[in-house]
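> Just need the structure, nothing else, for what follows:
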Amino acid sequence: MEILVKNIDQKILLTQTQEFKTDLGWSDAAEQMDKEILYSIINPTENYETVRYIHEPYTSINGIQQTDIWYYFYFLNSGNTYTQDYEVTGLTLKENYKMLKQSTESFFRLEFYKTSNGDAPNQTNRRMVFAKNLTLPLGEKIFYTGGTSPLNEFLYFPVFTGSNYRNTENMYFFWFEDDTPFIGTNITGNTFYMTAKYYNAKDGTVIDFVNQTLSQSTPIVEENHVYHKVIINRTDYSYQVFEFNGTQGARIGKTGNSPIRFYERRK
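The predicted model follows:
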């Protein structure tokens, strides 16, 4: 249709079937708006994706930058002293080197807790948010020749390491990228507290650990004697582990003289 400009009155004749479609797209836009409103109510946008945090690099005693992490576990023997020997838990040397069922199904369990504002944890304010298991076959091995008759076999002992090249599951820490899933709760932040247990598949017992050697007469104070502190860095997706006795101590988990140590809790 073309309208020419003239100095006289003009008329436009429209048939009854003519439709300009002024509402074109309104229906689609309304449907899209409904979907967006429902989505925001029923399934709001929240980041529930977990990411992998790596042990923050450090300089080893050999001057090499590395990310290896080390765990040492100590049991009490009959003399009430600490040892790194599975025999005191009831596992025989044969069960150890052959990795029989009672050995392969025994494991250490690392439990990670959060507290409000990162306060020192206890039974009333902590909340377990994550756990991972260290099975015996993931531990270190030594060639054992001791005893009355030399055994000459590789035995596992309670030392665990994780690196980029082996036992990587021991090395990484998995947590959320941000605190979106925890808005309105008291478990936000980058601080965690780690403790450990040993589950003995041979007799069904569970052994608790503390974070330092304690005498028989020392009363256990949970906030001081049970946990190590873990802090994640959400900028470079790394984490560090520190000693904790009510206050944060030195960084641990590194090779050399500063592994993460857990000691069987005295009864």
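
> What are the neighbouring residues in contact with G79?
By CB atoms under 8 Å, 6 or more residues apart in numbering, no residues touch G79. In short, each C-beta sits where N, CA and C put it, glycine included.

> Checking F154 next. Helix, strand or coil?
Using DSSP: H, G, I helix; E, B strand; the rest coil, the structure places F154 in strand.

> so is the residue lying closest to it once chain neighbours are set aside in a helix, a strand, or just coil?
In space, and not counting its chain neighbours, F154 is closest to K141: 4.5 Å by CB to CB, 6 or more residues apart in numbering. Secondary structure, three-state DSSP: K141 is strand.

> How many residues are close by K141?
Around K141 there are 14 other residues, counting by other CB atoms under 10 Å.

> Quick check: it vs Y82, distance?
20 Å (CB to CB, to the nearest Å).

> What of D236?
According to CB to CB, D236 stands 36 Å off from Y82.

> out of those two, which sits in the busier spot?
Per other CB under 10 Å, whichever of D236 and Y82 has more neighbours is Y82, with 16 against 10.

> partners of that one in the sheet?
Bridge pairing for Y82 (DSSP bridges) gives the partners L76.

> same deal with Y71?
With DSSP bridges as the criterion, Y71 is bridged to F160, I260.

> Check Y144 too.
On the basis of DSSP bridges, Y144 is bridged to E153.

> my read: it touches L151, true?
Yes. Y144 is within contact range of L151, at 5.1 Å (criterion: CB atoms under 8 Å).

> neighbouring contacts of stretch 240-256?
Here stretch 240-256 makes contact (CB under 8 Å, 6+ apart) with 55-56, 58, 60-61, 66, 68-71, 120, 161, 193-194, 211-212, 221, 223-225, 227-231, 233, 258-261.

> and it, average pLDDT?
Stretch 240-256 shows a mean pLDDT of 93.

> Would you map the strands across the stretch 1-150 of the chain?
For the stretch 1-150 of the chain, applying DSSP state E, counting those that start in this stretch gives strands covering 50-55, 58-59, 65-66, 69-76, 82-83, 107-115, 126-135, 140-144.

> Could I get the pLDDT score of the most centrally placed residue in the chain?
Nearest to the mean C-alpha position of the chain, by CA atoms, centre = their mean, lies F173 at 4.1 Å. What the model reports as pLDDT for F173 is 90.

> Which strand residues bridge it?
With DSSP bridges as the criterion, F173 is bridged to Y53.

> list the contacts for it?
R52, Y53, I54, H55, V230, I232, Y239.

> so how far is E49 from it?
According to CB to CB, F173 and E49 sit 15 Å apart.

> do S238 as well
S238 is 18 Å from E49, where distance means CB to CB.

> Those two - which one has more neighbours?
Between S238 and E49, counted using other CB under 10 Å, the more crowded position is S238 (16 against 10).

> Setting aside sequence neighbours, what's the nearest residue to that one?
Distance criterion CB to CB, 6+ apart; nearest residue to S238, sequence neighbours excluded, is E56 at 4.0 Å.

> The one you found against Y239, yeah?
Yes. Counting by CB under 8 Å, E56 does reach Y239; the two are 6.5 Å apart.
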